[in-house]
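Attaching a predicted model along with its sequence, questions to come.
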Amino acid sequence: APAEREQWTGQTGFILAAIGSAVGLGNIWRFPGVAYENGGGAFLIPYLIALLTAGIPILFLDYSVGHRFRGTAPLAYRRIHPRAELLGWFQILLSFVIAVYYAAVIAWAGSYFVFSFGLQWGDDPQGFFLGEYLQVGEPTISTTLVSAVALPLVLTWAVILIVLALGVAKGVEKANFIGLPLLVLAFLALVVRAITLPGATDGLDALFTPNWGALTDPEVWIAAYAQIFFSLSIAFGIMVTYSSYRKRKSNMTSPGLVVAFANSSFEVLAGIGVFSALGFLAHQQGVGIADIEGLTGPILSFVTFPAVISQMPGGSLFGALFFGCLVVAGFTSIISILQGVSGSVQEKFGLGIRQSAVTVSAICAVISIALFSTTSGLLALDTVDQWANNIGVVTSAILMTLLLVWVLRRGEELRFHLNAVSTFQIGRWWNFLIGVVGPVFLAYMLIQKVVSLLTDGYEGLPTWYLITFGWGTIAFVVVGAFLMTATPWGRLGQEPFRPWP
Ligand code: PHE
Ligand code: NA
């Protein structure tokens, strides 16, 4: 008899795991900087619009595909139409790319958790991060391994392997059951501490003072949509995978709303905490927030934040809490990405849970270490991230909505499915959002972004470099998806399937 499909223990387990996936590095090291750079308080408008017009509707779409067709993305899409399997692999390979660099950031955060206790970055956090710790070199492809990064990275992959090998209920769900409450408590403590620091209000003013002019800038809207996609973990095949482990009769839409609002609340809270702390830094240095450099991305967390920590009474504890939060938030997200990859490999090749967990983690670990723990790791990471998120995921979302709504005409079927199992009923507006508003917006965004990357390049990096790490990432995902689709299926791919209800 075929093995039973793995399941969450119940609705709470699913909600915890889905929030754990959503709340990640994106909330803590992405959102505050993105919001600040894109109009501050005014950014909340495109952000909310993106959440309501694309984020939540596409989250529901992911759920409906996974829950109705009961498979990870490749299998679920294959059950809709044999050729649609390609989209499933496109999403899974994109997840794979994200996982290999996301792990590196978790490893850095792990190191910095330890460094916090001795304020090891000294008076020059920037020199320490880029020089002493990462040993950043020229934009080349370096083979010089940095052991201070490679070691925590190996550890990160080992823990991921264990969690995956324990399975959905005993591994992934348990990890979230432990991690998420810890994260919420530690994070609330951090935010309370941050807003009571002198100068905190200046930081909050800087973050929330709206620059209305930003609303007419298409880049701001692109940033809002990209943030929502990454942050909600949608269009990566991950939410398809997670919802496929729910029982057949399971409320889907209401948990989806809980997850979406929990994620956004966490994001705004992170903005408040981070900018309060930056206000404090400006106050200590007697400058304005605008004079502080490094308010985005890795530099914000690993250079600017350490500077804050050094200035604070009890900074070590604050630092340990902050980097501890990064580790836990990142970890509960990366296991969701890997569960998508590992689950797909299980289904495609008929492998067992452990076999697949070992294979996938080992391959990811090797690539992750080879690319991101060398002296060229930071630049590669930044470039891959830019392409995977602004080109890869957006393309995935466009293909997904167009395919399901217009080519295969499954919009109504999927809506009926969600309504048949859920308490929160969705109306025809949903079809309009996923079929028209979403794709139009996303296509516009994609074109803008492609043109800007082609004409202006990225961060002044040489063209060969952008071709290798930027466009190369996209080429890898596309070619990989074709190859995986062409590979013959194990047992599951042959079995007939009838959706229910
Ligand atoms: N949503 C996570 C975050 O905000 C990242 C993530 C992306 C997780 C894609 C899974 C899939 O950090
Ligand atoms: Na998020």
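Alright, I've got the coordinates. Predicted model only: the values in this text are computed from it and were never measured. Ligands and ions are numbered 1, 2, ... in the order given.

what residues does this protein put near ligand 1?
Within the chain, the positions lying close to ligand 1 (Cβ under 6 Å from any ligand atom) are 21-22, 24-27, 98, 230-231, 233, 236, 238, 333, 336-337. From N, CA and C alone the C-beta is placed, and that goes for glycine too.

ok, now with 5 Å
With the criterion set to Cβ under 5 Å from any ligand atom, the chain comes near ligand 1 through 22, 24-26, 231, 233, 236, 238, 333, 337.

got a winner among those for most neighbours?
Among those, residue 238 has the most neighbours (other Cβ atoms under 10 Å), with 31 neighbours.

Would you agree it is in contact with residue 95?
Yes. Residue 238 is in contact with residue 95 according to Cβ atoms under 8 Å; the separation is 6.2 Å.

list residues touching both of the two?
Residues touching both residue 238 and residue 95 (Cβ atoms under 8 Å, 6 or more residues apart in numbering) are 337, 340.

how about the helices in the stretch 251-400 of the chain?
Under the criterion DSSP state H, counting those that start in this stretch, the stretch 251-400 of the chain contains helices at 253-285, 297-299, 305-311, 315-349, 353-372, 377-387, 393-401.

Please name every helix or strand in contact with the fifth one.
The one in question is helix 353-372. In terms of contacts (3 or more Cβ pairs under 8 Å, 6 or more residues apart in numbering; DSSP states H and E), helix 353-372 is packed against helix 85-118, helix 147-165, helix 315-349, helix 377-387.

so what does the last one touch, helix or strand wise?
Under the contact definition 3+ Cβ pairs under 8 Å, 6+ apart, helix 377-387 sits against helix 85-118, helix 297-299, helix 353-372, helix 472-486.

if you compare those, which one is most tucked away?
helix 85-118 (a mean of 24; mean count of other Cβ atoms under 10 Å).

Least reliable of the helices of the stretch 251-400 of the chain by average pLDDT, please.
The minimum mean pLDDT among the helices of the stretch 251-400 of the chain belongs to helix 297-299 (a mean of 86).

Off-centre distance for that one?
From the chain centre to the centre of helix 297-299 is a distance of 15 Å (Cα atoms, centre = their mean, to the nearest Å).

Over to stretch 28-47?
Remark: stretch 28-47 is offset 16 Å from the chain centroid, using Cα atoms, centre = their mean.

still on that earlier bit, reformat the helices of the stretch 251-400 of the chain as CSV; add distance to ligand 2.
Shown next, in CSV, are these (distance: least, Cβ to the ion, whole Å):
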stretch, distance to ligand 2
helix 253-285, 5
helix 297-299, 15
helix 305-311, 19
helix 315-349, 7
helix 353-372, 21
helix 377-387, 14
helix 393-401, 13
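
list the contacts for the closest residue to residue 422 other than its chain neighbours?
Of all residues not flanking residue 422 in the chain, residue 253 sits nearest, at 4.1 Å (Cβ to Cβ, 6 or more residues apart in numbering). Contact analysis of residue 253 by Cβ under 8 Å, 6+ apart lists 60, 63, 418, 422-426.

Now, the residues of the chain next to ligand 1 that are in helices?
Judged by DSSP state H, these include 22, 25, 231, 238, 333, 337 as members of helices.

which pair in these spans the largest distance?
The largest separation in those, counting by Cβ to Cβ, is between 25 and 238 at 14.7 Å.

Which pLDDT does the model give the residue in the chain positioned nearest to ligand 2?
Residue of the chain nearest ligand 2, by Cβ to the ion: residue 231 (3.4 Å). pLDDT recorded at residue 231 is 96.

Residues of this protein that sit close to ligand 2?
Contact residues (Cβ under 5 Å from the ion) of the chain with ligand 2: 22, 26-27, 231, 263.

Check the residues you listed against ligand 1 and report the nearest one.
Nearest to ligand 1 among these, counting by Cβ to the nearest ligand atom, is residue 26 at 2.4 Å.

I'd assumed residue 230 was in contact with the closest one.
Yes. With contact defined as Cβ under 8 Å, residue 26 and residue 230 form a contacting pair (5.0 Å).

how about the residue of the stretch 151-300 of the chain found nearest ligand 1, phi and psi?
Residue of the stretch 151-300 of the chain nearest ligand 1, by Cβ to the nearest ligand atom: residue 233 (3.6 Å). Torsion angles at residue 233 (phi, psi; degrees, to the nearest 10) stand at phi 50, psi 40.

That one and residue 124: what is the separation?
From residue 233 across to residue 124, the span is 36 Å (Cβ to Cβ, to the nearest Å).

With residue 456 instead?
Residue 456 is 31 Å from residue 124, by Cβ to Cβ.

Specify which residue of those two has the higher count of neighbours.
Using other Cβ under 10 Å as the criterion, residue 456 and residue 124 rank with residue 124 on top: 14 against 9.

before we move on, the earlier item: out of the contacts of residue 253, which is nearest to residue 142?
Using Cβ to Cβ, the contacts of residue 253 come closest to residue 142 at residue 63, 41.8 Å.

sorry, back to before: got a list of what the residue of the chain closest to ligand 2 touches?
22, 24, 26-27, 30-31, 263-264, 267.

if we can go back for a sec, in CSV, list the helices and strands packed on helix 377-387 along with distance to residue 326.
Shown next, in CSV, are these (distance: least, Cβ to Cβ, whole Å):
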stretch, distance to residue 326
helix 85-118, 4
helix 297-299, 11
helix 353-372, 16
helix 472-486, 24
